[in-house]
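**Q** mind folding the following:
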Amino acid sequence: MEDFSRGDTLFDLPERPADGLGPLYTSDNCGACHRDAARGPGLVKKMSMVEADGFTPALDQSALAWGHTVHPLTIAPATTPIEPPPDPRVRVSVRLGPPLLGRGYLEAIDDAEIERNAAEETTLGLVHGRINRVHYASEANPDQRFFNYQKGDLAIGRFGIKARIATLDDFTADALAFDMGITSPLRPDEFPNPDGLLDDQKPGVDITADSLNARAMYVRLLEIPERSAGHEAGAELFTRVQCSACHVPVLHTRKDYPIAALADIDARIYSDLLLHDMGPTLSDGMANGVDGTATATELRSAPLIGLRFCRSFLHDGRAASIRDAIQLHEGPGSDANSSLARFTALSGDEQQALLDFVGSL
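**A** I've put the predicted structure just below:
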């Protein structure tokens with residue numbers, strides 16, 4: 001509880017220029033994008049050069065000289081934000097801050113369990129999920145209790161809408177560095193910017209590894225909210241129409257996960273943590289290589305933990321209801337087409353029972 005409370009305080013603590021905020025940034029605290037550990041209201045805008053169809057990444061991304069993320073705010077002496085260039089070939093997409101509830105369970109899922117499930121999906125052929133194997137992008141964490149990855153090591157991605165990050169310490173370091181410009185021993189360098197600034201108003205590394213790890217521990221310790229009973233019929237329909245093929249209700253955690261309450265248990269995460277091709281409808285046009293091995297049309301199956309606390313749905317919030325979100329899974333080449341067809345074939349009462357179940361998660 002002491003670890004949780006300390007991390008909770010740091011999580012919502014606004015950073016100031018004197019703390020190392022900037023020189024470019026998107027928000028000044030973690031809670032801006034994950035208020036109450038739930039979804040949003042803050043967001044990140046991504047940009048990519050696309051072909052005439054509006055979703056296929058162009059081979060030439062050189063017009064995006066400062067990367068694929070919009071950084072609209074500056075701290076002196078920076079004067080030039082990173083904004084989308086005035087080019088009709090630039091596609092700008094939105095990524096809402098995802099819920100953080102139960103994310104320690106996601107980190108605790110055994111790699112072998114993810115690999116087993118991916119192999120079963122291939123064998124059954126109902127859906128075609130695949131692992132996003134990514135390079136650990138941070139420097140080695142002095143706290144080796146959870147992982148001993150070195151920078152560049154391959155790992156199974158499981159965080160972010162395209163599973164581009166493998167661990168919660170790397171997730172935290174990445175968010176601090178790129179959303180706030182807060183450097184740490186895990187990410188000691190400011191990201192490239194138009195003004196060529198290599199530092200900010202706080203010289204050197206901005207926070208300690210201990211401060212970063214306190215924030216990561218807070219996220220690890222967030223519980224999966226308890227659900228009310230009484231949706232058994234909807235749960236059965238969820239399986240029957242094969243929503244559960246991608247949103248796998250239960251995966252098992254590793255025996256040696258350092259938080260005993262999360263070790264060697266069946267975790268109800270409602271995700272396979274795999275990438276699935278969702279077709280052009282949900283494509284963000286993002287260039288290959290930006291999110292590990294994920295393509296523009298691939299998304300990780302979103303964990304449905306705490307879905308009942310959301311007021312908009314899908315990675316960019318375009319769906320105003322769960323029904324809308326389900327229907328937007330349909331599209332040319334989408335891995336969800338067969339499941340959506342089964343959902344559409346249900347009676348009105350059956351559809352509502354399934355929606356009520358999903359809305360209770």
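
**Q** what distance do you get for the spatially closest residue to residue 342 that is not a sequence neighbour to residue 329?
**A** Leaving out its chain neighbours, the residue that sits closest to residue 342 by Cβ to Cβ, 6 or more residues apart in numbering is residue 241, at 3.8 Å. Just so you know, the C-beta spots here come from the backbone N, C-alpha and C atoms, and that holds for glycine as well. Residue 241 sits 11 Å away from residue 329, going by Cβ to Cβ, to the nearest Å.

**Q** before we move on, what about residue 338?
**A** Separation of residue 338 from residue 329 (Cβ to Cβ): 11 Å.

**Q** more crowded one of the two?
**A** residue 329 (23 against 14; other Cβ atoms under 10 Å).

**Q** that one is in what secondary structure piece?
**A** Of the helices and strands defined by DSSP states H and E, none includes residue 329.

**Q** what is the burial count for residue 48?
**A** Residue 48: 25 surrounding residues under other Cβ under 10 Å.

**Q** same question, residue 85
**A** The burial count for residue 85: 13, using other Cβ under 10 Å.

**Q** and what of residue 196?
**A** Neighbourhood size, residue 196 [other Cβ under 10 Å]: 8.

**Q** which of the three states applies to it?
**A** Assigned by DSSP: H, G, I helix; E, B strand; the rest coil, the conformation of residue 196 is coil.

**Q** can you check residue 155 too?
**A** Going by three-state DSSP, the secondary structure assigned to residue 155 is strand.

**Q** residue 233 now?
**A** helix.

**Q** what number of residues are in the vicinity of it?
**A** By other Cβ under 10 Å, neighbour count at residue 233 equals 14.

**Q** these two touch, right, it and residue 352?
**A** No - Residue 233 lies out of contact with residue 352 (Cβ atoms under 8 Å); the separation is 10.2 Å.

**Q** show the contacting residues for the nearest residue in space to residue 20 that is not next to it in sequence.
**A** Closest residue to residue 20 apart from its sequence neighbours, by Cβ to Cβ, 6+ apart: residue 206 at 2.8 Å. Residue 206 sits next to 19, 20, 182, 183, 184, 200 when contact means Cβ atoms under 8 Å, 6 or more residues apart in numbering.

**Q** please redo it, this time with the cut-off set to 10 Å
**A** Contact analysis of residue 206 by Cβ atoms under 10 Å, 6 or more residues apart in numbering lists 15, 19-22, 176-177, 180-184, 187-188, 190, 199-200, 212.

**Q** and these, which are buried?
**A** By neighbour count, with 16 or more other Cβ atoms under 10 Å, those hold 15, 19-22, 176-177, 180-184, 187, 190, 199-200, 212 as buried.
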